[in-house]
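1. Predicted structure and sequence below. I'll ask about it afterward.
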Amino acid sequence: MSTLEVERAALAPYRNLQALRRHDSREGKPLPQRNYTLPCQATFPGLNNRLLSLHLVPGGRFLFTFMGDGVYLWDLGTALGSTLEVHQIDPVSPDPTFQRVRHLEVPHERHREIFFDILLTQDTVHLYCEPFYVVWNWVNNTGCKWNLRRPLSKISVCNESIIAADIYDDIGVWDVPAPSELPSLTGLEMTDLQTIENSPKYSFSAPRDHKDLSLLRTSTWQQNFSSDRHLCAISQRRRNQDSLALYSIKSVPGFSLKTLPVPAGRCGLVYGKEMLGSTFESGASAINRINDHLIFCTGGRSIFRVNEGWCERLDEYGHLELVATVLPIPDPSKPALHEIKPKSVILTPEGHDVISDRAQKNQFAFCPFSGRLVYMAMVGDRENSSVELRIADYLWTPTR
């Protein structure tokens, strides 16, 4: 690794934070970037119907894409101009390039109806498979499941607790139970997991005029080495309005509840006053911390732009875009429900019709530590369109 690459890796998080905080998005101008397209159509024909999710490894160099028939690993290089390479990891190949340690058989005859959400920590899989919530430690070969009375819509894991929202936008907090030992088999079925009783230790509701709640949590990667964890609840209100509530995740030693979300601030506009014409639409990254700020990326919709002091309405559908939001770390000395001031920046150029589908998660991947965004974009008109996989680098010129 060259001196220049070491310098860039060390300074990139702070340069990206500085760029986001300084950029003016009032007239709808995106953050300056170098934007290019991955050669997916040539490498993987039929991309439109196969690309399901994207995952950037922290640092932004390596990208995983799941295309229905396999998992693909991309070496995107760095923003310094490294060669672009692609390596395929295909789980159904008779000669795979990795070793499968264990697998859990999930009912598949109604797969699209019952499989809703999955989270992976360092050694444990959290799976919501209606009507069960499943905890499976594949390293220690332990696990369990329990029945949920209400279907869930979003799940999050913080510390030793599970925080999840149901379809009625009520939020519950469950302790992660001690899992039972499983049979010594590489292949397990759902029936091998013991069914236990596990009720939420704490619950609270979103305001009545809110709907379509989204939960963002501190990234698994940062949770591995930091005790500072947060949860962000974004909800849409009537008449194209949205709101944001920030919680600090606190441990509660000596009580039956291991973890408690403590209110840390709120805001009536997710994207702040500089972006009055934009509202939260769908999709959200994890929360990452850089210095004394929290950063995350969401899918938004612009209804109008401010142009030379005038409000200019866009077409009837508005424009879908990806937005980075920066929040200050909550001040413990301030009231729990004080107003916080987000700073938001548009990341995608106008004309790049970002795919933002509530039924499909992880259709973009954002790494604030390297200043890189990967996303799917629709090209062409609504009747004759195709999908492209695009990369945007915001820190392509290193500071000397």
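-> Everything's here; your move. Numbering: from 1, shown residues only.
2. Check the chain for its longest helix and report it.
-> helix 3-22 (DSSP state H).
3. Can you find the helix or strand in this protein with the smallest mean pLDDT?
-> Least confident helix or strand of the chain, by mean pLDDT, DSSP states H and E, is helix 111-114 with a mean of 43.
4. quick one: low-confidence parts of the stretch 251-400 of the chain?
-> Residues of the stretch 251-400 of the chain meeting the criterion pLDDT under 70: 304-318, 335-337, 351-362, 379-386, 397-400.
5. if you set the cut-off to 90 instead, what comes out?
-> Applying pLDDT under 90 to the stretch 251-400 of the chain picks out residues 251-286, 291, 299-321, 329-341, 346, 348-364, 370, 375-392, 394-400.
6. ranges for the strands of it?
-> Assigned by DSSP state E, counting those that start in this stretch, the strands in the stretch 251-400 of the chain fall at 259-267, 278-284, 288-290, 293-302, 304-307, 310-313, 319-328, 343-346, 353-354, 364-367, 372-380, 385-393.
7. possible to save those strands as JSON lines with mean neighbour count and distance to residue 77?
-> For glycine as for every other residue, the C-beta is placed from the backbone atoms N, C-alpha and C. Shown next, in JSON lines, are the strands of the stretch 251-400 of the chain (neighbours: other Cβ atoms under 10 Å; distance: least, Cβ to Cβ, whole Å):
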{"stretch": "strand 259-267", "mean neighbour count": "20", "distance to residue 77": "37"}
{"stretch": "strand 278-284", "mean neighbour count": "23", "distance to residue 77": "26"}
{"stretch": "strand 288-290", "mean neighbour count": "19", "distance to residue 77": "21"}
{"stretch": "strand 293-302", "mean neighbour count": "23", "distance to residue 77": "21"}
{"stretch": "strand 304-307", "mean neighbour count": "16", "distance to residue 77": "34"}
{"stretch": "strand 310-313", "mean neighbour count": "10", "distance to residue 77": "38"}
{"stretch": "strand 319-328", "mean neighbour count": "23", "distance to residue 77": "21"}
{"stretch": "strand 343-346", "mean neighbour count": "23", "distance to residue 77": "24"}
{"stretch": "strand 353-354", "mean neighbour count": "20", "distance to residue 77": "23"}
{"stretch": "strand 364-367", "mean neighbour count": "24", "distance to residue 77": "13"}
{"stretch": "strand 372-380", "mean neighbour count": "21", "distance to residue 77": "10"}
{"stretch": "strand 385-393", "mean neighbour count": "19", "distance to residue 77": "10"}
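8. which stretch among these comes nearest residue 234?
-> Nearest to residue 234, of all the strands of the stretch 251-400 of the chain, is strand 278-284, at 5.5 Å by Cβ to Cβ.
9. tell me how far the ends of stretch 175-185 are from each other?
-> 27 Å (Cα to Cα, to the nearest Å).
10. what about that stretch, distance to the chain center?
-> 27 Å (Cα atoms, centre = their mean, to the nearest Å).
11. which residues are contacting it?
-> Outside stretch 175-185, the residues within contact range by Cβ atoms under 8 Å, 6 or more residues apart in numbering are 135-137, 140-144, 146, 157, 160-162, 188, 192-194, 196, 198, 201, 256-259.
12. Restricted to buried residues, select these in ChimeraX.
-> Restricted to buried positions by 16 or more other Cβ atoms under 10 Å, the ChimeraX selection for the contacts of stretch 175-185 reads:
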select :135,136,137,141,142,143,144,146,157,161,162,188,192,193,198,201,258,259
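13. wait, what's in contact with the most centrally placed residue in the chain?
-> Centroid-nearest residue in the chain, with Cα atoms, centre = their mean: residue 285, separated by 2.3 Å. By Cβ under 8 Å, 6+ apart, residue 285 lies in contact with 216, 296, 297, 298, 364, 365, 366.
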